[in-house]
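[1] model this:
(one chain, ligands or ions: 1)
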Amino acid sequence: MIIRQETQEDHQEVHRLIKKAFKSTRYSDGMEQDIVEALRKGETFVPELSLIAEVNGQVVGYILFTKVKIGDATQLTLAPLAVLPEFQRQGIGRALIAEGHRIAKALGYDCVVVLGSDAYYPQFGYIPAAQVGIQSPYDIPSKNYMVYALSNKIASIKGLVRYPKAFDM
Ligand SMILES: CC(C)(COP(=O)(O)OP(=O)(O)OC[C@H]1O[C@@H](n2cnc3c(N)ncnc32)[C@H](O)[C@@H]1OP(=O)(O)O)[C@@H](O)C(=O)NCCC(=O)NCCS
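    Next up, the predicted model:
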């Protein structure tokens, strides 16, 4: 498996991949692939953090980290993460998260927020965001809104998270 930055040639395949991966999940609204298309056109898009996992030349996984505001700070949100059903539970999601965190840190970000499964993200070091004073703008159980610290500056990052408009779809 290799992980690399997505290019324009990958867009169609990534669209199909996200659609397939989210199809059978019960919490999806089926809009994830369209949100990604909209995010790519916005100023919160970080090309270095739009990553694909490839196995034998096939795109099998995708992860995107986008800029959000937390209080006055510009940090990141992880959304979406998608692995083709037939390639799940093989460590691809884990590898995409690890590579994304490595690049995000190198780019100077301090934390990543995620709205997701509290059975999945805590194993990578995500903790409930409310515990460190970071508030979700969504009306969801607080255990499903998590944050990962990329640096020790996280202690000074507090407040409500504001998302780009594309997430309102
Ligand atoms: C969630 C998803 C990205 C996980 O990708 P993946 O490549 O299967 O994950 P990994 O194989 O790297 O999993 C890492 C670990 O988490 C476990 N795991 C995988 N899916 C899990 C889930 N849904 N809940 C809890 N644990 C899970 C794996 O067993 C593995 O544990 P191990 O290392 O002890 O074996 C993938 O299932 C997917 O695309 N789902 C549909 C879309 C989606 O729900 N995206 C997440 C939005 S929050």
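
[2] and for the host helix or strand of Leu39, what are the contacting residues?
    Per DSSP states H and E, Leu39 falls inside helix 32-40. With C-beta atoms under 8 Å, 6 or more residues apart in numbering as the test, helix 32-40 has contacts from 11, 14-16, 18-19, 22, 45, 50, 62, 64, 66, 79-80, 82, 164, 166-167, 169. Where C-beta positions appear, they are placed from N, C-alpha and C, glycine not excepted.

[3] go on, stretch 118-135?
    For stretch 118-135, the surrounding residues in contact (C-beta under 8 Å, 6+ apart) are 70, 93-94, 97-98, 101, 111, 113-114, 136, 142-149, 154-155, 157-161.

[4] now do 7 Å
    Stretch 118-135 has contacts (C-beta atoms under 7 Å, 6 or more residues apart in numbering) with 70, 97, 113-114, 136, 142-148, 154, 157-161.

[5] And the residue of the chain that's closest to the ligand?
    Gly93 (2.6 Å; C-beta to the nearest ligand atom).

[6] who's in contact with that residue?
    Gly93 makes contacts with 61, 81, 83, as judged by C-beta under 7 Å, 6+ apart.

[7] Would you mind listing which of the contacts of stretch 118-135 are buried?
    By neighbour count, with 16 or more other C-beta atoms under 10 Å, the contacts of stretch 118-135 hold 70, 97, 113-114, 136, 144-148, 154, 157, 161 as buried.

[8] Now render these as a markdown table, adding distance to Met1.
    As requested, these are arranged in a markdown table below (distance: C-beta to C-beta, whole Å):
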| residue | distance to Met1 |
| --- | --- |
| Ile70 | 32 |
| Ile97 | 14 |
| Val113 | 26 |
| Val114 | 22 |
| Ser136 | 32 |
| Asn144 | 28 |
| Tyr145 | 30 |
| Met146 | 25 |
| Val147 | 27 |
| Tyr148 | 22 |
| Ile154 | 30 |
| Ile157 | 33 |
| Val161 | 31 |
